[in-house]
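> output the structure for:
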Amino acid sequence: ENALESGAQLLERWAGARDSKLTADDKKTLREAAKAVADKSLDATARLAAATTDAIASLHETNPLRDGLSASNPQRFRVERPKSSFAAWYQFFPRSEGAYFDADGKIVQGTLKTALSGLDRAKTEGFDIVYLPPIFPIGVTNRKGRNNTLIAGPHDPGSPFGIGSELGGHDTVDPLLGTMDDFKAFCDYAHKLGIEVALDFALQCSPDHPWVKQHPNWFRTKPDGTIAFAENPPKKYQDIYPIDFNADMEGIEAETERIMGLWIKAGVTIFRVDNPHTKPVRFWQDVIAAVTKKHPETLFLAEAFTRPGMMRALSYAGFTQSHCYFPWRNTKEELEEYLEETNGDGGFYQHNTFWPSTPDIMTAYLRDNGIAGHAVRAVLAAMGSPSWGIYNGYELIENKQRPGFEEQIDNEKYEVKVRDWDEADKYGISELLTSLNKIRSEHPACRSYHNLHILPSDDAGVVAFLRQTPAELTGTGKPDTVIVVVNLDGHNAHQSIVHIELPDFGFATDKPLKVRDELTGREFEWSWDNYVSLAPWADVAHVLT
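The predicted structure is shown next:
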């Protein structure tokens with residue numbers, strides 16, 4: 001009796017609680033329940049049942065009783081703009097855009113002016129961020145060339161990551177590319193196309209960098225007094241001097257903030273930071289806080305292929321997106337696990353960006369699966385993560401590995417590429433990238449790190465997943481669902497039954513589910529169990545809405 005009396009009082013208190021924001025009907029429901037619970041003429045079972053109806057259970061979820069409240073300490077939230085988690089990146093080297101062979105067969109490199117063609121291509125394919133590798137002067141000492149070998153001549157292109165020469169450091173445009181005014185014009189043209197410019201920020205210096213003379217204490221020396229070059233076994237970077245952050249953390253932070261401010265003023269809104277895990281996390285925490293205090297729109301991508309704990313720590317420090325292990329997740333089991341990891345609770349802390357390849361990454365899967373393999377990885381990247389990216393040349397199936405290394409042979413970091421973009425039409429990858437970006441832009445379900453569900457499929461070569469965003473979160477007033485089915489085999493056809501637990505996703509169980517393949521325009525009727533056949537010479541995937 002005491003419990004029922006207390007329950008009736010609680011329901012009455014709830015009905016009168018301002019914080020619960022109840023409607024008149026809600027209050028009536030609660031007061032009628034309170035009256036029934038307090039009615040001693042009814043048996044105990046009936047009185048209890050009056051307080052545990054579906055209507056009251058629903059109010060517990062939507063308009064709960066909130067009393068006995070006490071104030072917490074103030075909490076501060078940083079709210080990022082949408083592109084911090086939903087973006088399509090396109091990477092190219094300006095010196096290769098517009099490059100050509102002269103009459104003597106020598107390569108004439110491109111400039112920031114000829115690189116406008118890369119912006120046009122990115123726009124046509126639907127990308128909204130263009131990412132440029134370093135555009136700073138390149139060091140001469142121990143300059144790296146073709147396939148990461150030491151070269152003697154300063155006239156070879158060399159790695160843009162050996163930053164700095166007598167011409168300047170991180171605050172200077174390489175004269176071979178143009179001037180700062182040319183870079184500003186590049187950014188202005190990008191902005192007119194609706195594209196943001198991301199600039200690589202590799203905080204490393206060639207032996208010729210101005211800092212070596214201006215701040216010799218910023219570099220770690222060996223016992224014999226010489227400066228140690230960088231190593232990341234088995235790779236050696238004789239053209240790079242690593243910075244000793246313990247020497248003058250505040251001074252290095254202040255100079256980094258100054259440089260970033262200069263490029264932001266020129267039109268950069270995003271920095272893709274090279275190897276941030278090899279610098280102190282505290283350094284990035286300080287720098288990102290200082291930069292975003294003045295320029296809150298600025299975003300940061302961590303290129304950190306390292307231990308999970310360090311990748312998470314960089315996200316805590318302020319990096320809005322992160323490169324990740326996606327290129328090496330290729331089997332059904334690996335992909336299902338990684339898709340759920342990226343789009344699960346991990347997405348509250350770290351925004352993984354899916355890139356099928358980079359100048360430094362050419363996986364065995366892409367090497368061995370040809371055009372179909374490139375299509376498969378593009379679909380998985382674009383649909384598997386809200387943020388994805390493509391390194392140009394992907395459209396031309398540049399998939400040859402450097403022997404003994406999981407990277408591109410004749411890596412564009414070390415040489416200028418002359419590409420025939422007319423060849424892209426015969427592969428169809430450019431058309432696919434355009435279609436994928438169009439689907440992403442039109443479907444709110446593609447924009448969240450928290451709405452992916454793996455669908456059971458009975459073939460080891462087929463992966464299926466569903467993204468669904470409820471009506472109240474789409475902005476359109478209607479729920480949005482995208483179903484993706486991919487054949488992972490670039491050489492053989494695969495058939496599978498894909499199961500959907502219809503009620504779990506609000507689908508009717510007594511009539512067919514009508515779906516449309518956004519890649520081909522074909523329409524199908526689906527139900528609980530659905531037969532799918534995908535052949536790499538026809539369709540590698542369905543993207544169904």
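> please make it C-alpha for all contacts and neighbour counts, starting now.
Fine.
> can you confirm residue 88 is in a helix?
No. Looking at residue 88 with DSSP: H, G, I helix; E, B strand; the rest coil, it is strand, so not inside a helix.
> bridging residues for it?
In this entry, residue 88 is beta-bridged to residue 388, by DSSP bridges.
> what is the neighbour count of residue 271?
When counting by other C-alpha atoms under 10 Å, one arrives at 23 neighbours for residue 271.
> please tell me I have it right and it contacts residue 303.
No. The pair residue 271 / residue 303 is not scored as a contact, 10.3 Å apart, by C-alpha atoms under 8 Å.
> got a list of contacts for the strand or helix carrying residue 289?
The secondary structure element spanning residue 289 is helix 281-294 (assigned by DSSP states H and E). Residues external to helix 281-294 that are found in contact with it (C-alpha atoms under 8 Å, 6 or more residues apart in numbering): 249, 253, 256-257, 260-261, 276, 298, 313-314, 317-319.
> filter these down to the buried ones.
Of all the contacts of helix 281-294 considered here, the ones buried according to neighbour count by 16 or more other C-alpha atoms under 10 Å are 253, 256, 257, 260, 261, 276, 298, 313, 314, 317, 318, 319.
> excluding chain neighbours, what is closest to the fourth one?
Nearest residue to residue 260, sequence neighbours excluded (C-alpha to C-alpha, 6 or more residues apart in numbering): residue 291, at 7.5 Å.
> so where do the helices sit in the stretch 401-545 of the chain?
Counting by DSSP state H, counting those that start in this stretch, the stretch 401-545 of the chain forms helices over residues 429-442, 471-474, given from the N-terminal end onward.
> let me fix that: the stretch 151-300 of the chain
For the stretch 151-300 of the chain, the helices defined by DSSP H, counting those that start in this stretch cover 180-192, 210-214, 249-266, 281-294.
> need those in a markdown table (columns: distance to residue 88 and mean pLDDT).
A markdown table is the format used below for the helices of the stretch 151-300 of the chain (distance: least, C-alpha to C-alpha, whole Å; pLDDT from 0 to 100):
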| stretch | distance to residue 88 | mean pLDDT |
| --- | --- | --- |
| helix 180-192 | 14 | 98 |
| helix 210-214 | 35 | 91 |
| helix 249-266 | 20 | 96 |
| helix 281-294 | 22 | 96 |
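> which among those helices is found nearest to residue 447?
helix 180-192 (22.1 Å; C-alpha to C-alpha).
> which SSE is residue 12 in?
helix 2-15.
> touching that helix from outside, list them.
For helix 2-15, the external contacting residues (C-alpha under 8 Å, 6+ apart) are 20, 22, 26-28, 30-31, 33-35, 37-38, 47-48, 51, 64-65.
> one step back: buried ones in the helix holding residue 289?
281, 283, 284, 285, 286, 287, 288, 291.
> between those residues, which is closest to residue 75?
The shortest gap between residue 75 and any of those belongs to residue 285, at 18.7 Å (C-alpha to C-alpha).
> what's around residue 80, how many residues?
13.
> ok, for it, nearest residue in space, not its chain neighbours?
Counting by C-alpha to C-alpha, 6+ apart, the nearest residue to residue 80 once its immediate chain neighbours are dropped is residue 297, at 7.7 Å.
> so who does the one you found touch?
For residue 297, the contacting residues are 80, 81, 269, taking C-alpha under 8 Å, 6+ apart as the criterion.
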